[in-house]
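In: Just to be clear, the model below is a prediction. Sequence and coordinates:
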There are 2 protein chains.
Amino acid sequence: MERLEDPPDVVIRRLPLYARSLRYLLDEGINSVSSQELGERINVTAAQIRKDLSYFGEFGKQGIGYDVEKLFNHIERILGLTQSWPVVLVGVGHLGQAIARYDGFHSQGLQIVGLFDTDPLKIGQKVADVEICAYAHMPQVIHDTNARLAIVAVPASDAQPVADILIDAGIRAILCYAPIILQTPDDVWVRYIDPVAVLHSMTYYLAREHM
Amino acid sequence: MERLEDPPDVVIRRLPLYARSLRYLLDEGINSVSSQELGERINVTAAQIRKDLSYFGEFGKQGIGYDVEKLFNHIERILGLTQSWPVVLVGVGHLGQAIARYDGFHSQGLQIVGLFDTDPLKIGQKVADVEICAYAHMPQVIHDTNARLAIVAVPASDAQPVADILIDAGIRAILCYAPIILQTPDDVWVRYIDPVAVLHSMTYYLAREHM
């Protein structure tokens, strides 16, 4: 097979949106979709979709479009979602609890297998059937569950030391809700969820309208 | 004054991170910073920072670096953050409650002035001193508070009709936590917070390591 060029990260970030949109189409009983129709659903041009998918092989036929189920299954395989991924979550405050209770993770191949907090009143309690443990148990839980993914929902001041513990214990990818930039080794993936920064990037445009 | 080129959106999205990092520097009592040092804090190259800031004028001096407070204040002005922005939040489930209670909004110029839910048991209750109202009150509250920003934390199936109501009532920018792509007029800004998609974009890399 011809070796294809490595796709840029921006393409990888769009793939989950394609997969989700295709799943909605499947749920609606739609078996075939053009790049045009798929693009309209996710605000991406048809040309962009064709280009993005071209990194992974040949999909769809001119004038016929994509087989929804085939393309969905293929993208799930590309994203590694034919297996379930154990995830640990550190910080079980209001946000952490909301994350732990969100059934959107479990239904999409992400299983929260460990919860950690420093609050002695929380330790031993359960959220969504998972017991909250002290930080001291992180290495053991990560080892036992083989978790490579972690969600960090602690205050900014605690996020770096928490990330250090996680990485030492074998975590390779972190989704960080704390408003800081983590310093991590090159072989660890980190992404951020930062609603304040996102809102501020929109106030820019709104403020200009009145200038 | 020379008219500068409009900065691309990706630059606007980075500005809030620069502002936050500069604020941390101020808190640490650091008055001057090189683009190199600032870059290390946010994992951006020094050249990128200089290029990003060049859209907004001349900052810093060769060999001296940036005056932290001046640059911070300038970016705050660029982002429209010298004023406070009223924000309404729709959907007061676990996630919505965590958002409403998060003090990081208020301390950064974003004030939640309205909460809305459909659950009769929630309507009339308060979260973080703001009363939860029925959807029917959205237009009035948005009018009275002059809110232009909204956060949508409802299930995916409700997000589009909620967005439609918000936009009809005058909302111009939406931060959407629901896992769908909203269809909105061109003059409405929409950004997404999508932890599942973000985690899936990392499972891609982890899955490949074992291939």
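Out: In hand now; what should we look at? Numbers count the residues shown, from 1 in each chain, chains lettered A, B, ... in the order given.

In: Look at the residue nearest in space to the middle of chain A and tell me its secondary structure.
Out: Geometric centre of chain A, nearest residue: residue A:175, 7.4 Å, by C-alpha atoms, centre = their mean. Here residue A:175 is recorded as strand under DSSP: H, G, I helix; E, B strand; the rest coil.

In: shouldn't it be in contact with residue A:159?
Out: No. Between residue A:175 and residue A:159 there is no contact under C-beta atoms under 8 Å: 11.6 Å. The C-beta positions use only the backbone N, C-alpha and C, and glycine is treated the same way.

In: Which neighbours do these two have in common?
Out: residue A:152 (C-beta atoms under 8 Å, 6 or more residues apart in numbering or on different chains).

In: just to revisit the earlier point, quick check: closest non-adjacent residue to the residue nearest to the centre of chain A.
Out: Leaving out its chain neighbours, the residue that sits closest to residue A:175 by C-beta to C-beta, 6 or more residues apart in numbering or on different chains is residue A:151, at 4.8 Å.

In: Next up, the contacts around that neighbour.
Out: A:87-90, A:96, A:99, A:112, A:174-175, A:177, B:195, B:199.

In: Filter those residues down to the ones in strands?
Out: A:87-90, A:112, A:174-175 (DSSP state E).

In: Let's see if you can find the most crowded of the residues you listed.
Out: residue A:89 (28 neighbours; other C-beta atoms under 10 Å in any protein chain shown).

In: Bridged to that residue, which residues?
Out: residue A:115, residue A:151 (DSSP bridges).

In: okay, it: pLDDT?
Out: On pLDDT, residue A:89 comes in at 98.

In: From residue A:74, how far out is it?
Out: Here the criterion is C-beta to C-beta, to the nearest Å. By it, residue A:89 lies 30 Å from residue A:74.

In: ok, now residue A:139?
Out: Counting by C-beta to C-beta, the gap from residue A:139 to residue A:74 is 36 Å.

In: Now residue A:166: which helix or strand?
Out: Assigned by DSSP states H and E, residue A:166 falls within helix A:156-168.

In: The biggest helix by length in chain A - what's its average pLDDT?
Out: Determined from DSSP state H, the single longest helix within chain A is helix A:9-27. Averaging pLDDT along helix A:9-27 gives 94.

In: Quick one: list the elements packing against the helix or strand following it.
Out: Reading on from helix A:9-27 to the C-terminus, the next helix or strand found by DSSP H and E is strand A:32-33. Packing partners of strand A:32-33 (3 or more C-beta pairs under 8 Å, 6 or more residues apart in numbering or on different chains; DSSP states H and E): strand A:66-67.

In: Now do the end-to-end distance for stretch A:181-194.
Out: 11 Å (C-alpha to C-alpha, to the nearest Å).

In: ditto for stretch A:40-48
Out: 11 Å.

In: if we can go back for a sec, farthest-apart pair in the ones in strands among the contacts of residue A:151, please.
Out: A:112 and A:174 (14.3 Å; C-beta to C-beta).
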